[in-house]
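Visitor: Provided below are the primary sequence and the corresponding predicted coordinates.
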Amino acid sequence: MSAYQRTSVGSLPLDEKLARPVLTLDHVHCRFGQHKAVSDVSLHINAGEVVCLLGPSGCGKTTLLRVAAGLQAPSEGSVFLGGDLVAAPGHVHRPPEQRNVGLAFQESALFPHLTILENVSFGLQALPKHERKSRAMHLLDRLGMAGLAKAYPHTLSGGQQQRVALARALAPAPRVMLLDEPFSSLDARLRDQIRDDTLHVLKEMGTATLLVTHDPEEAMFMADRIALMREGQVVQTGAPAELYCNPADPFVVNFFGRVNVCTGPVRNGSVLTPVGHLQAHGFPEGSEVTVMIRPEAVRVSALPDDGQNQEASHVVMSKLLGSSSLLHICAHGAEGQEMHLHARVPGVFLPPEGQPVSLSLDMSKVFMFRQ
Ligand SMILES: Nc1ncnc2c1ncn2[C@@H]1O[C@H](COP(=O)(O)OP(=O)(O)OP(=O)(O)O)[C@@H](O)[C@H]1O
C-alpha cells in the first residue's frame, strides 16, 4: 500500500472522518523557474474553522491558496481534502471543479447575462428547482441582498457585487471556502459590514475557510487561527491572541502594528531603557537585546507641572484616535538617554505639550529578542 492510499478516509466511520482536517497542505513547495514562491508550508484547517493566511505583498499567500484550489500545481508536497489526496506532483492533480471548494477573489466576476438570483443558483443545478431558489434566497438574505435578486450585476455597486460573489461561492455548501482578499476593494465602512456578515454566514454554515489577507486587523477579526507568512514560509501559526501576545520574532511583533524599539546590553539581568530597567530573563549577561514596546504597553501619569519635574519625561503631542488617545512622548532615562515614544491610552486623555509625565510598562506587551 502506498503512503497516499493509507491516508484515504473513504472507509472510516463518520466521527473519525470529522476528526480529520478538512484541508491539509503537507510540506508544500511552489517554484516559478528559480523563484521559490512557497517553501515547505504545512497547514491544516479543521471543520468550521476560519484560518487566515496573513503576510506582506509577494510572500506567497495567493500562490498557496491557488495550490489549495487546484489552480496551481505544487512543485513538491501534497494537498488533501477531507483526507483524500488531491494533489501531489507526478501522482495526482485533481482540477478545481472536482475539489468541492468555493472560491471568491478580490474582483469576483459575476455572469453579466444572469440575474443576481440566477448567479447564486448557478452551482445548484443538482437540486430541485424550488430548493435551488430557497437556498439562493436564504444566502442573499443573510448577505443583505435579497431585495436585489432580480437585478443584473451591472446595476450593482462593487460592494453589492462582492456580496453576491460570496453568496454564489457559498451556495453549493462547499467543504472549503477559499477567499483571496475578498474585501480589499471595498471602502472601510462597507468592508467592516461585509466582513461581519460573511463571518456570521461562514460560522452558521460551519464552512472551513482559508482567507488570504495582508491586513492584520482583518485577520484578527476573521480568524480562529492565523498563519503569518514571510518570503514563502510560515513564520508562526496560532490563534490571533497567540501571535499578538506571544510573537515568535520581531517580524511578527512589527506586523501587528508600529512598536517602540530600543536596544541595549544585558547587565545584572536587566536592560536599561529610557522607561527604566527591564528584567531580561534568559538572556546571557552582556548580550545585546532589542526591546519592542507596544504603544498600549505604556502607562502614562501626569506629574505636577510646578518646575520640580523638569528632568521627567514630557508630552510632545497628543491626538485623539476615537476610542483611544495617542501620545507622543519624549522619554528621559535615568542615565540621560532620550527616546521618542508612542503611548496609546484608552479614552480621551490629551495632556498638553510639555506636560511632565511618569511612565511605566505593562510587561505582557513588551518583547525582547537577542540581536
Ligand atoms: N505565475 C507566476 N509566475 C511567476 N512568478 C509568480 C507567479 N505567481 C506568483 N509569482 C511570484 O511568486 C511570489 C508570490 O506571489 P503571490 O501572489 O503568491 O504573493 P502574495 O503574498 O499573494 O502577494 P499579494 O498580497 O501582493 O497578492 C511573488 O514574487 C510573485 O511575483
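Guide: Received the coordinates, thanks. Numbering: from 1, shown residues only.
Visitor: does any bit of whichever strand or helix holds A68 sit next to the ligand?
Guide: Using DSSP states H and E, A68 sits in helix 61-69. Yes - for helix 61-69, a contact with the ligand is found by Cβ under 6 Å from any ligand atom, at K61, T62, T63. C-beta coordinates here come from the backbone N, C-alpha and C atoms, glycine included.
Visitor: tell me the contacts of the residue nearest the centre of the chain?
Guide: Relative to the mean C-alpha position of the chain, the nearest C-alpha, by Cα atoms, centre = their mean, is the one of A219, at 2.5 Å. Neighbour list for A219: C52, L54, L211, T213, I226, P240 [criterion: Cβ atoms under 8 Å, 6 or more residues apart in numbering].
Visitor: could you find the closest non-adjacent residue to it?
Guide: Distance criterion Cβ to Cβ, 6 or more residues apart in numbering; nearest residue to A219, sequence neighbours excluded, is C52 at 4.0 Å.
Visitor: any idea of the mean pLDDT for the helix or strand hosting the one you found?
Guide: Using DSSP H and E, C52 sits in strand 50-54. Computed over strand 50-54, the mean pLDDT rounds to 98.
Visitor: so what are the sheet partners of it and their directions?
Guide: In the sheet, strand 50-54 lines up against strand 208-213 (parallel), strand 225-230 (parallel) (DSSP bridges).
Visitor: tell me where this protein has helices.
Guide: Using DSSP state H, the helices of the chain run over 3-6, 14-19, 61-69, 116-121, 129-142, 158-170, 188-205, 216-222, 240-245, 250-255.
Visitor: next, the buried residues of stretch 28-36.
Guide: V28, H29, C30, K36 (16 or more other Cβ atoms under 10 Å).
Visitor: can you pull the pLDDT of the residue nearest to the third one when sequence neighbours are not counted?
Guide: This points to C30. Counting by Cβ to Cβ, 6+ apart, V38 is the residue found nearest to C30 once chain neighbours are left out, at 4.0 Å. You'll see V38 listed with a pLDDT of 98.
Visitor: what's V38 in contact with, if anything?
Guide: Contacts of V38 by Cβ under 8 Å, 6+ apart are V28, H29, C30, G60, T63, L64, V67, P74, G232, Q233.
Visitor: so which of those residues comes closest to the ligand?
Guide: T63 (3.3 Å; Cβ to the nearest ligand atom).
Visitor: test my guess that the closest one contacts C30.
Guide: Yes - between T63 and C30 there is a contact at 5.2 Å, judged by Cβ atoms under 8 Å.
Visitor: joint contacts of the two?
Guide: A37, V38, Q72.
Visitor: on that earlier part again, please report the distance of the residue nearest to the centre of the chain from G257.
Guide: According to Cβ to Cβ, to the nearest Å, A219 stands 12 Å off from G257.
Visitor: S313 too?
Guide: Distance, S313 to G257, by Cβ to Cβ: 22 Å.
Visitor: again, but for G60
Guide: 23 Å.
Visitor: which one of the two has more residues nearby?
Guide: Of the pair G60 and G257, G60 is the one with more neighbours under other Cβ atoms under 10 Å, namely 23 against 14.
Visitor: list the residues that contact that one.
Guide: C30, A37, V38, S39, V41, M229, E231, G232, Q233.
Visitor: low-confidence ranges in the chain?
Guide: Within the chain, the stretches with pLDDT under 70 are 1-19.
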